[in-house]
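Asker: Fold the following for me, if possible:
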Amino acid sequence: MLLTEGMADSLLDEALLARIRDRAADYDRRNAFFAEDLDELRAAGYLAMMVPADLGGAGFPVAAAVREQARLAEAAPATALAVNMHILWTAVAALLRSRGDESLEWVLRDAAAGEVFAFGISEPGNDEVLADSFTRAVPEEDGGYRYFGTKVFGSLAPAWTRLGVFGRDDSDPDAPMLVHGFLDRGSEGYRILEDWDTLGMRATQSHTTVLEGARVEPARVSRILPVGPSADPFTFAIFAAFELLVSSVYVGIGERAVQLAAESALTRTSARLGGRTLAEDPDVRSALAEAAIAQDGQLPPILELARDVDAGVDHGRAWLPRLVGAKVRATRTARTVVDGAMGVAGGGAYRSVSELARLYRDVTAGQFHPSSERAARRAVANALLGPLPDA
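Answerer: From the prediction side, this is the model:
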């Protein structure tokens, strides 16, 4: 459907996608990292897709990356979700550079050279996400920081070479600050716990990282911002790119679910229909059409928002409800589409070896990515009605 339209410049050829799809079930079964996928994607220039051409990349805008990631997720959702974390940081750096801020140009140069970036932001129990942190950021005399805390859902844990982290600096109790920076793989003072054993998205190997004084060098401190919501372009770029790129993964899952359901309907036969395929069953046709209609509406609004981000459109306070709404719709609709596809495909799809069964498990992860449905409802309600008065 829409995923392949306008993809003449895609970095994902069909042979590469076929190999990635062929490996996905094995990674899932073994709870193993997608190492071969990552190597092939790096060789194809995929990790540098958002690096500007003058720095050695493909120069893709966010909208093109959204479409690419949806196609990759069709083949292997866990691979796409994990790669998102790297693509995200290059998106942030590229967006800032396009607006005259070259503070993260080194990220783009490193990505072009083959370095792998990951996201060390999420913390157990911290639903403030980017507005506050439980991790301590302790300043040092030379401008560097040491970090103490626990980061969870750390996709790319076996492979990252640069980890974006943030923490709270309380050295001035009257003006606490949030300090963002990047940790090198070769640094000391952190441990990766190999604890990723989950229902779905298993190949991401999103292990927990414990920071025990890990040092971020002064040159790698990327932002120091007050605690609380921020309109800083750095924070906006993280939030916008995250919501849109995560949404793209679930668009890809839904797209593949519809394909698999259609294939099943065209091959399964029915005694009630005299041995003809279920493609001639009106109920099956209706159920499949319902899933396809829901799926077909997924990508266009996400692409529209991505194009607005690329163009620097100022939606002001409307950005938050628009972005969280896009993410919630994408993940919620994907669950509905996969559920409908399972019903069309029948009991065979319930076997653990079934690709649809894997999609059924993978799609559940969408509800755990920021922004949660609860946070999204709060943001939209505030936009419509104003914030609740302080208690």
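Asker: gap between R377 and G154?
Answerer: 27 Å (C-beta to C-beta, to the nearest Å). Just so you know, the C-beta spots here come from the backbone N, C-alpha and C atoms, and that holds for glycine as well.
Asker: More neighbours: which of the two?
Answerer: The neighbour comparison of R377 against G154 (other C-beta atoms under 10 Å) goes to G154, with 25 against 15.
Asker: Now E36. Nearest residue, chain neighbours left out?
Answerer: The spatial neighbour of E36 that comes closest, neighbours along the chain excluded (C-beta to C-beta, 6 or more residues apart in numbering), is R23 at 6.0 Å.
Asker: Counting by contacts, list what the strand or helix carrying the one you found packs against.
Answerer: Here R23, judged by DSSP states H and E, is contained in helix 14-30. If contacts are counted by 3 or more C-beta pairs under 8 Å, 6 or more residues apart in numbering; DSSP states H and E, helix 14-30 sits against helix 35-43, helix 62-75, helix 77-98, helix 355-362.
Asker: What segments of the stretch 51-200 of the chain are strands?
Answerer: In the stretch 51-200 of the chain, the strands defined using DSSP state E, counting those that start in this stretch lie at 117-120, 136-139, 145-154, 162-169, 177-184, 190-193.
Asker: Other residues contacting the first one?
Answerer: For strand 117-120, contacts defined as C-beta atoms under 8 Å, 6 or more residues apart in numbering pick out 85-86, 88-90, 107, 110-111, 151, 154-157, 160-166, 182-183, 209, 211.
Asker: which residue ends up closest to the midpoint of the protein in space?
Answerer: Nearest to the geometric centre of the chain sits V246, at 3.3 Å (C-alpha atoms, centre = their mean).
Asker: Can you give me the distance of that residue to D195?
Answerer: 22 Å.
Asker: One more: A287?
Answerer: Counting by C-beta to C-beta, the gap from A287 to D195 is 39 Å.
Asker: neighbour-wise, which of the two wins?
Answerer: A count of neighbours by other C-beta under 10 Å puts A287 above the other of A287 and D195, at 17 against 12.
Asker: In contact with the residue nearest to E36, which residues?
Answerer: 34, 36-37, 76.
Asker: want to try JSON lines for these, with neighbour count and distance to D362 as columns?
Answerer: Below are the contacts of R23 laid out as JSON lines (neighbours: other C-beta atoms under 10 Å; distance: C-beta to C-beta, whole Å):
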{"residue": "F34", "neighbour count": "28", "distance to D362": "13"}
{"residue": "E36", "neighbour count": "15", "distance to D362": "19"}
{"residue": "D37", "neighbour count": "26", "distance to D362": "15"}
{"residue": "A76", "neighbour count": "28", "distance to D362": "9"}
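Asker: which pair in these spans the largest distance?
Answerer: By the measure C-beta to C-beta, E36 and A76 form the most distant pair in the contacts of R23, at 10.9 Å.
Asker: D13: neighbouring residues, count only.
Answerer: 9.
Asker: if I look at it, how far off is L320?
Answerer: 37 Å.
Asker: circling back to that earlier point, just the buried positions in the helix holding R23, please.
Answerer: Along helix 14-30, these residues count as buried under the neighbour rule (16 or more other C-beta atoms under 10 Å): 16-17, 20-21, 23-24, 27-28.
Asker: how about JSON lines for those, with pLDDT added?
Answerer: Formatted as JSON lines, the buried residues of helix 14-30 follow (pLDDT from 0 to 100):
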{"residue": "L16", "pLDDT": "98"}
{"residue": "L17", "pLDDT": "98"}
{"residue": "I20", "pLDDT": "98"}
{"residue": "R21", "pLDDT": "98"}
{"residue": "R23", "pLDDT": "98"}
{"residue": "A24", "pLDDT": "98"}
{"residue": "Y27", "pLDDT": "98"}
{"residue": "D28", "pLDDT": "98"}
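Asker: of these, closest to P139?
Answerer: Y27 (40.8 Å).
Asker: lowest average confidence, helix or strand, in the chain?
Answerer: Within the chain, judged by mean pLDDT, DSSP states H and E, the helix or strand with the poorest mean is helix 373-385; its value is a mean of 91.
Asker: For it, list every residue counted as buried.
Answerer: Judged by neighbour count (16+ other C-beta under 10 Å), helix 373-385 contains these buried residues: 375-376, 378-380, 383.
Asker: what residues are up against V210?
Answerer: 149-151, 190-193.
Asker: of those, buried ones?
Answerer: 149-151, 190, 192.
Asker: Pop the domain breakdown of the protein in here.
Answerer: Residue ranges for each domain of the chain read 2-114, 118-226, 233-385, as given by automatic domain parsing.
Asker: Just the pLDDT for M7.
Answerer: On the pLDDT scale, M7 is placed at 47.
Asker: and what of L96?
Answerer: Note on L96: pLDDT of 98.
Asker: isn't it right next to A237, touching?
Answerer: Yes - using C-beta atoms under 8 Å, L96 is in contact with A237, at 6.1 Å.
Asker: neighbour-wise, which of these two wins?
Answerer: Neighbour count, other C-beta under 10 Å: between L96 and A237, A237 has more, with 24 against 21.
Asker: All good on my end, thank you.
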